[in-house]
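Student: Got a predicted model here, sequence first, then my questions.
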Amino acid sequence: MTSRRLHHYKSYMTGSLFILPAFILFAIFIFIPLVYGIMMSFTDYGGFNIKANFIGIRNYTKLLSDDYFLISLKNNFVYTLLFVPLTMLFALFSAIALNNIWHLRKYLRMAFYLPQITSMVSIAIVWGLLFNPLSGPINHILKAIGITNPPEWLMSSQWALFAIVLVAVWKSFGYYMIILLAGIQGIPEHLYESAKLDGAGKFKQFLYITLPGLSPTLFMVLILTIINSFQVFDLVSVMTDGGPGRSTNVLVLRIYQEAFIHYRMGYAAAMSTVLFLIIMVISLIQFKLEKKWVNY
Amino acid sequence: MDIINKSNRDKLAYYLLLFFLIAFSIATLFPFLWMISTSLRTDVDLFKNPMNWIPQSLYLDHYKEVWTTIPFGRYFLNTLKLSVIITGLQVIICSMAAYAFAKLKVPFKNTIFVLFMANLMMPWHSIMVPQFSVVSSLGLYNTHSGYILIQLFSGFGIFLMRQFFLSLPNELNEAARVDGFNEWKIFWKIIMPLSAAGLSTFGIFTFTFMWNDYLAPLIYLNDDTLKTLQLGLKAFQTEHTMDYGLLMAGTLLATIPMVIVFLIGERFFIQGVATTGMKN
């Protein structure tokens, strides 16, 4: 071996050694489970080394007529349809407002971001008490301002999902606000200056400069919030555990219950594959649309 | 921008917006204020005067009771132990890989990188069931080490650190190589010390995430001696739904460490979130 080739070989070795720990962890705990999960979804595996039988696509055909699963899927879509626009609206509004305010900036940023660093469990517990129809402050306030029959929130199958969405929006908007704020600050200042020279007011500046300049970031936030909304678990688990009835059950909670309470792991793996496909489709849409939709 | 030179109308609009934001921020903080207020009063007081926000007298017993009603100290130490170990190891493992992706030669480098980054799009929830099977067949179910192992790889961390390392000039490595440093030494003695900002961002993110994690411990940690704060809080809530004060004291105690971490690392935190936003 020439010394140059030896050198080449040695530097490849060094690089590989640096990646090795991460690669092994990835292979064992992510890649193998991913492949194994797809295989598992074609079996009736029940967990804990019980023998699994191959049952073809029966898990998948069962999903199509499984009311409980379909309700959870529907709830999850309703959750997404409420959560995504509300979060984006609050995030965008607070980002634009903060960008125009010079007083108390640090405090305001902190106040909006604080829910984000607090655990979902703590937040779910506090809001659970706040939403209590009899002793919670929310209904006390509603009664004080003259609403005689305030909703029963988490105890009502009509309101529970909505209450959970409100908490989720409250928890998350600060995170997306920071992302959008960085996006706004990345728009070149000279665009605004030339717009001002042309006599454009604040609103026109927003419409013709801020929004188009922000569109890549907005698009990314849109995708992140949608993906995020298909992973909702902690809030639901602590606040309602899917109830009352099945009114707040969502996809991940359903997977958890099937796999770890009823030990129908094969069936849960089929649901997981559906979750995986939903998120894959969203990611692919992002990939396709990004170039067309986004105005750099 | 200079507010003084603006017209009165602009000034009025500015202060209206400021006033509105302050009101909005108080509304955002309301659950925290309520949490503090509730933890400091007797339950009798709470139900008697629901709208009386400032407690008449400070009642601190809830904060004492929490430690004896549930093994709060043990949960706290378990959480601290797991968060510290996972953060430390994850930062090292991911930084090493990130360094190789940014500066070294690796066979099939791009393929491996794409594979790792695909992990960013794939939610953990979609592999949690088979991952549980893999971990329990390795005999690691219901152990801290099993939980630690599943958390050590992070596509996000590798991406973040790689971006950071790419911004460091290659001349640095070349100069060190000329001085006879090997890659291992360059990484530890030169690159890592220069990357304090990136490492803090990554570390604070990971620590917060681990401290607050709920679903993975719920699946992997079954014994009471192994449980974390979030699991403890959840069980506490189920058993003490009516002890508002006690419940809020426990929740607050579990939240305080994160608030401290946040206040210390605020700058890095904001920077980290902003960086994720500029990914494209």
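Tutor: Perfect, thanks for sending it. Residues are numbered from 1 along each chain as shown, chains lettered A, B, ... in the order given.
Student: Can you tell me how far residue B:211 is from residue B:62?
Tutor: 22 Å (C-beta to C-beta, to the nearest Å). Yep, even glycine has a C-beta here, placed from its N, CA and C like the rest.
Student: Looking at the chain, which helix is longest?
Tutor: Let's take chain A. In chain A, taking DSSP state H as the definition, the longest helix is helix A:67-99.
Student: Chain B is the one I meant
Tutor: Assigned via DSSP H, chain B shows its longest helix as helix B:244-277.
Student: So is the longest helix of chain A next to chain B?
Tutor: Yes. Helix A:67-99 reaches chain B (C-beta under 8 Å from any C-beta of the partner chain) through A:94, A:97, A:98.
Student: and that helix, which residues are buried?
Tutor: A:69, A:71-73, A:75-76, A:79-80, A:82-84, A:86-88, A:90-92, A:94-98 (16 or more other C-beta atoms under 10 Å in any protein chain shown).
Student: likewise stretch A:213-221?
Tutor: Buried residues in stretch A:213-221 (16+ other C-beta under 10 Å): A:213, A:214, A:216, A:217, A:218, A:219, A:220, A:221.
Student: what does stretch A:102-112 give?
Tutor: Under 16+ other C-beta under 10 Å, the buried positions of stretch A:102-112 are A:108, A:109, A:110, A:111, A:112.
Student: quick one: contacts for the closest residue to the second one other than its chain neighbours?
Tutor: What sits nearest to residue A:109 in space, not counting adjacent residues and going by C-beta to C-beta, 6 or more residues apart in numbering or on different chains, is residue A:98, at 6.5 Å. Remark: with contacts taken as C-beta atoms under 8 Å, 6 or more residues apart in numbering or on different chains, residue A:98 is in contact with A:105, A:108, A:109, A:177, A:181, B:21.
Student: go on, residue B:93?
Tutor: By C-beta under 8 Å, 6+ apart, the contact set of residue B:93 is A:21, A:22, A:25, B:152, B:153.
Student: So residue A:112 is in contact with residue A:176, correct?
Tutor: No. Look at residue A:112 against residue A:176 with C-beta atoms under 8 Å: they stay out of range, at 10.2 Å.
Student: Can you check which residues contact both of those two?
Tutor: Common neighbours of residue A:112 and residue A:176 are not found (criterion: C-beta under 8 Å, 6+ apart).
Student: Backbone dihedrals for residue B:42, please?
Tutor: For residue B:42, the backbone dihedrals (degrees, to the nearest 10) come out as phi -70, psi 150.
Student: For it, give its distance to chain A.
Tutor: Per C-beta to the nearest C-beta, to the nearest Å, residue B:42 is found 14 Å from chain A.
Student: That residue - nearest residue in space that isn't next to it in sequence?
Tutor: Spatial nearest neighbour of residue B:42, chain neighbours left out: residue B:59 (5.1 Å); criterion: C-beta to C-beta, 6+ apart.
Student: tell me the secondary structure for the one you found?
Tutor: Using DSSP: H, G, I helix; E, B strand; the rest coil, the structure places residue B:59 in coil.
Student: residues near it, how many?
Tutor: Neighbourhood size, residue B:59 [other C-beta atoms under 10 Å in any protein chain shown]: 18.
Student: With residue A:241 instead?
Tutor: What residue A:241 shows, counting by other C-beta under 10 Å, is a neighbour count of 13.
Student: now for the helix or strand harbouring residue A:108, which elements pack on it?
Tutor: Assigning secondary structure by DSSP states H and E places residue A:108 in helix A:105-117. Counting contacts by 3 or more C-beta pairs under 8 Å, 6 or more residues apart in numbering or on different chains; DSSP states H and E, helix A:105-117 packs against helix A:67-99, helix A:160-185, helix B:8-39, helix B:244-277.
Student: which one of those has the most crowded surroundings?
Tutor: helix A:160-185 (a mean of 22; mean count of other C-beta atoms under 10 Å in any protein chain shown).
Student: Report the distance from it to the chain centre.
Tutor: Distance of helix A:160-185 from its chain centroid, counting by C-alpha atoms, centre = their mean, to the nearest Å, is 10 Å.
Student: Show residues contacting stretch A:187-202.
Tutor: Around stretch A:187-202, the neighbours that count as contacts under C-beta under 8 Å, 6+ apart are A:204, A:205, A:208, A:209, A:210, A:213, A:214.
Student: Any chance of JSON lines for those, columns secondary structure and distance to residue A:190?
Tutor: Formatted as JSON lines, the contacts of stretch A:187-202 follow (DSSP: H, G, I helix; E, B strand; the rest coil; distance: C-beta to C-beta, whole Å):
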{"residue": "A:204", "secondary structure": "helix", "distance to residue A:190": "16"}
{"residue": "A:205", "secondary structure": "helix", "distance to residue A:190": "13"}
{"residue": "A:208", "secondary structure": "helix", "distance to residue A:190": "14"}
{"residue": "A:209", "secondary structure": "helix", "distance to residue A:190": "10"}
{"residue": "A:210", "secondary structure": "helix", "distance to residue A:190": "14"}
{"residue": "A:213", "secondary structure": "helix", "distance to residue A:190": "12"}
{"residue": "A:214", "secondary structure": "helix", "distance to residue A:190": "17"}
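Student: Are any of the residues you listed buried, and if so which?
Tutor: By neighbour count, with 16+ other C-beta under 10 Å, the contacts of stretch A:187-202 hold A:205, A:209, A:210, A:213, A:214 as buried.
Student: where does chain A have its least confident helix or strand?
Tutor: helix A:202-205 (a mean of 84; mean pLDDT, DSSP states H and E).
Student: Show me which parts of whichever strand or helix holds residue A:196 are buried, residue by residue.
Tutor: Per DSSP H and E, residue A:196 falls inside helix A:189-197. Across helix A:189-197, burial judged by 16+ other C-beta under 10 Å covers residue A:192.
Student: Can you tell me the centre-most residue of the chain?
Tutor: Let's take chain A. By C-alpha atoms, centre = their mean, the mean C-alpha position of chain A lies nearest to residue A:228, the distance being 1.0 Å.
Student: hm, I was asking about chain B
Tutor: So for chain B, C-alpha atoms, centre = their mean, it's residue B:208, sitting 1.4 Å from the centre.
Student: Dump the buried residues of stretch A:102-112 into TSV; add pLDDT as well.
Tutor: Shown next, in TSV, are those (pLDDT from 0 to 100):
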residue	pLDDT
A:108	93
A:109	90
A:110	90
A:111	93
A:112	94
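Student: Quick one: low-confidence residue ranges for chain B.
Tutor: Applying pLDDT under 70 to chain B flags residues B:1-6, B:44-56, B:275-280.
Student: And for residue B:182, the neighbour number?
Tutor: A count of neighbours around residue B:182, defined by other C-beta under 10 Å, yields 10.
Student: Now do the contacts for residue A:266.
Tutor: So residue A:266 contacts A:40, A:41, A:42, A:43, A:44, A:45, A:46, A:52, A:55, A:59 (C-beta under 8 Å, 6+ apart).
Student: residues contacting residue B:21?
Tutor: Applying C-beta under 8 Å, 6+ apart, the residues contacting residue B:21 are A:94, A:97, A:98, A:101, A:104, A:108.
Student: in the helix or strand harbouring residue A:287, what counts as buried?
Tutor: Residue A:287 belongs to helix A:265-293 when assigned by DSSP H and E. Residues of helix A:265-293 classed as buried by neighbour count (16+ other C-beta under 10 Å): A:265-276, A:278-279, A:282-283, A:286.
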